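Colleague: prediction below, plus the sequence it came from.
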Amino acid sequence: MSVPAGREPQFTVLAAALAGIRPTGRTVVLRGDPGMGKTALLRAAEAAARHAGLRVLRMTGAEAETGLAFAALHQVLWPLLDDSHVLPPAQRAALESALGVRDGTPPEGFAVAGAALDLLARAAARRPVVVLLDDLQWADRVEGPFEGEPLPAGQRA
Ligand SMILES: Nc1ncnc2c1ncn2[C@@H]1O[C@H](COP(=O)(O)OP(=O)(O)O)[C@@H](O)[C@H]1O
Ligand SMILES: [Mg+2]
């Protein structure tokens, strides 16, 4: 996918982050009013990441899912869940309960975050992982690895 017209400076920042993903990882927050082209930039970044051989995990926030615990984490980790058997049993149980793929009371956010981080780290040890979070302002409000101080609606991608 080509870079959206006029967004070369922003794409350069994203491309630099992708190039710098080894060995320590990078984080970029894209902010802007609705319609300014955040999703389009993310699509371009996704194409670049795949072209570079990186593993892409993605989440798109939806207002209707804001109240659903762990909905955002579910989207991000779904492609990795086949590997959840490699986690220590307690971690695996915490994560799978949280994501609704096994019975049980969803555990504390902290336990889920640890398990999620472990799963991501194991995946990243095989191939660098890029996590793209679009419309993060609609992510559920359960404490998790992606939770921080919320920015105003429409301000994050
Ligand atoms: N650089 C650009 N030039 C022209 N149109 C664009 C550009 N970036 C985005 N668009 C278009 O503008 C609309 C809004 O873009 P989008 O990426 O969805 O914005 P946001 O995610 O910030 O709300 C879409 O129809 C998209 O195709
Ligand atoms: Mg968008």
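Modeller: Looks like it arrived, so ask away. Just so it is clear, the model here is predicted, and its values are computed rather than measured. Numbering: from 1, shown residues only. Ligands and ions are numbered 1, 2, ... in the order given.

Colleague: near ligand 2, which residues of this protein show up?
Modeller: Of all the residues in the chain, those in contact range of ligand 2 (Cβ under 5 Å from the ion) are Lys38, Thr39. For every residue, glycine as well, the C-beta is placed using N, CA and C.

Colleague: who does the lengthiest helix in the chain touch, helix- and strand-wise?
Modeller: When the chain is parsed with DSSP state H, its longest helix is helix 109-126. Helices and strands touching helix 109-126, by 3 or more Cβ pairs under 8 Å, 6 or more residues apart in numbering; DSSP states H and E, are helix 71-77, helix 89-98, strand 129-134.

Colleague: stretch 4-21: which residues count as buried?
Modeller: Of the residues in stretch 4-21, Arg7, Gln10, Phe11, Leu14, Ala15, Ala17, Leu18, Ile21 count as buried by neighbour count, 16 or more other Cβ atoms under 10 Å.

Colleague: inside strands: which ones of those?
Modeller: Judged by DSSP state E, the buried residues of stretch 4-21 include no members of strands.

Colleague: got these as TSV, with distance to ligand 1 and pLDDT columns?
Modeller: As requested, those are arranged in TSV below (distance: Cβ to the nearest ligand atom, whole Å; pLDDT from 0 to 100):
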residue	distance to ligand 1	pLDDT
Arg7	5	96
Gln10	9	96
Phe11	10	97
Leu14	13	96
Ala15	16	95
Ala17	18	94
Leu18	18	94
Ile21	23	88
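
Colleague: pLDDT score for Glu149?
Modeller: According to the prediction, Glu149 has pLDDT 45.
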